[in-house]
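Asks: I would like the atomic coordinates for the input below:
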Amino acid sequence: MAKGVCRLLRAPRIADPETRVLSQLANRERNFLETVRTVIFANAENPYNRMFRLAGCSHEDLKGSVERDGLETALSAIHRAGIYLSHDEFKGKRPIVRSGQTIPSTDASFLNPLVSGSYQSRSGGSRSSGTVTLQSLEHQLYRECYHYFLDREFSLGSRAFVGVMPILPSAWGLGQCLQAARRGNRFERWFTTGGTLQDSGHYRAVTKIMVILARAMGAEVPFPTYFELDDFSPPQSGLPGGGKKGSPRGFTGW
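Replies: Numbers count the residues shown, from 1 in each chain. Here you go, the predicted structure:
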């Protein structure tokens, strides 16, 4: 995780976000077909591979459908043919059954082998063991292109940011702070519940270490401010303007 933070903060931003997004949109169907060919059809152990076989759909069939009818229509067609995952199937709470056959799967079955990166996030796992997600540097830089449009559309460069966001193992809160710092729109405050010291003390400690690392590299990332559970009183202390005269820049909340 520390390596991923360092790589992100050292990486230059994409020079022309608009061109990059338009290029991705122009190649959307081709990229989809190539990903499916490489990740699913080339791997007989992939659960989706079995679904396609049971539905009698080859890669050439899928390619023809996408080229003829468009991606959304093709996706609707394969969904009707049983090529999909429910949430419970993805989480392993329910077996994957298609055409009367059970398709085996594990936690690793749906990892994309094309994605590599040390920036790792894990869902909290309140109703399951949690899901690990890796984010590549390329993905993070591409997401910044969308933030470019968001900043431009809503004039966010002139606003202060205040967020109620999770700490690790979810990387979302830290990631939002890092990306805002890279754009020059730092978060004034990062509020979170963060659990208790007994069940989340280790995550609080690692989150603090990541913030210290980011600040040492010049990123203006705030330390999380922890709410007590079931405390719904409005936060005032420490916000620009003190809550009475207001902030000269206004606020954008997340």
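
Asks: Quick check: chain neighbours aside, which residue is closest to F161?
Replies: Residue nearest to F161 in three dimensions, not counting chain neighbours: F187, with 4.4 Å by Cβ to Cβ, 6 or more residues apart in numbering. From N, CA and C alone the C-beta is placed, and that goes for glycine too.

Asks: got it, and A74?
Replies: In this structure, A74 finds its nearest non-sequential neighbour in S65, 4.1 Å apart by Cβ to Cβ, 6+ apart.

Asks: Contacts only, for that neighbour.
Replies: Shown in contact with S65 (Cβ atoms under 8 Å, 6 or more residues apart in numbering): T73, A74, A77, I78.

Asks: Likewise for P17?
Replies: E144, C145, Y146, Y148, F149.

Asks: Which pLDDT value goes with the fourth one?
Replies: Read it as Y148. Looking at Y148, its pLDDT is 92.

Asks: And for the second one?
Replies: pLDDT, C145: 95.

Asks: So it belongs to a strand, correct?
Replies: No - assigned with DSSP: H, G, I helix; E, B strand; the rest coil, C145 falls outside any strand and is helix.

Asks: ok, it touching S23?
Replies: No - using Cβ atoms under 8 Å, C145 makes no contact with S23, being 10.3 Å away.

Asks: Might you list the low-confidence residue ranges for the stretch 151-254 of the chain?
Replies: Counting by pLDDT under 70, the stretch 151-254 of the chain shows low-confidence ranges at 235-254.

Asks: mind listing the helices for it?
Replies: With helices called from DSSP state H, counting those that start in this stretch, the stretch 151-254 of the chain shows them at 172-183, 197-216.

Asks: Quick one: those helices as TSV, columns for mean neighbour count too.
Replies: Output for those, formatted as TSV (neighbours: other Cβ atoms under 10 Å):
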stretch	mean neighbour count
helix 172-183	20
helix 197-216	15
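
Asks: If Y226 is in a bridge, with which residues?
Replies: Beta bridges link Y226 to T192, judged by DSSP bridges.

Asks: how close does it sit to S116?
Replies: Distance, Y226 to S116, by Cβ to Cβ, to the nearest Å: 33 Å.

Asks: do the same with L75
Replies: According to Cβ to Cβ, L75 stands 26 Å off from S116.

Asks: the more surrounded of those two?
Replies: A direct count of neighbours by other Cβ atoms under 10 Å for L75 and S116 places L75 higher, at 17 against 11.

Asks: So the more buried one belongs to a helix, correct?
Replies: Yes - assigned with three-state DSSP, L75 falls within a helix.

Asks: Okay, buried residues for the strand or helix carrying R68 please.
Replies: Element membership for R68, per DSSP states H and E: helix 59-69. Of all the residues in helix 59-69, those buried under the rule 16 or more other Cβ atoms under 10 Å are L62, K63, S65, V66.

Asks: mean confidence score for it?
Replies: Averaged over helix 59-69, pLDDT sits at 97.

Asks: elements contacting the one helix or strand M51 maps to?
Replies: Using DSSP H and E, M51 sits in helix 47-54. Judged by 3 or more Cβ pairs under 8 Å, 6 or more residues apart in numbering; DSSP states H and E, helix 47-54 is in contact with strand 96-98, strand 101-103.

Asks: Show residues contacting the last one.
Replies: Taking contacts as Cβ under 8 Å, 6+ apart, the residues outside strand 101-103 that touch it are P47, R50, M51, L54, P95, I96, V97.

Asks: Check the first one too.
Replies: Defining contact as Cβ under 8 Å, 6+ apart, one finds that strand 96-98 is touched by P47, R50, M51, L54, A55, G82, L85, E89, T102, I103, S105.

Asks: Emit the ChimeraX select command for whichever of those are buried.
Replies: A single ChimeraX command is used to select the members of the contacts of strand 96-98 judged buried by 16+ other Cβ under 10 Å:
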select :47,50,51,54,55,89,103,105
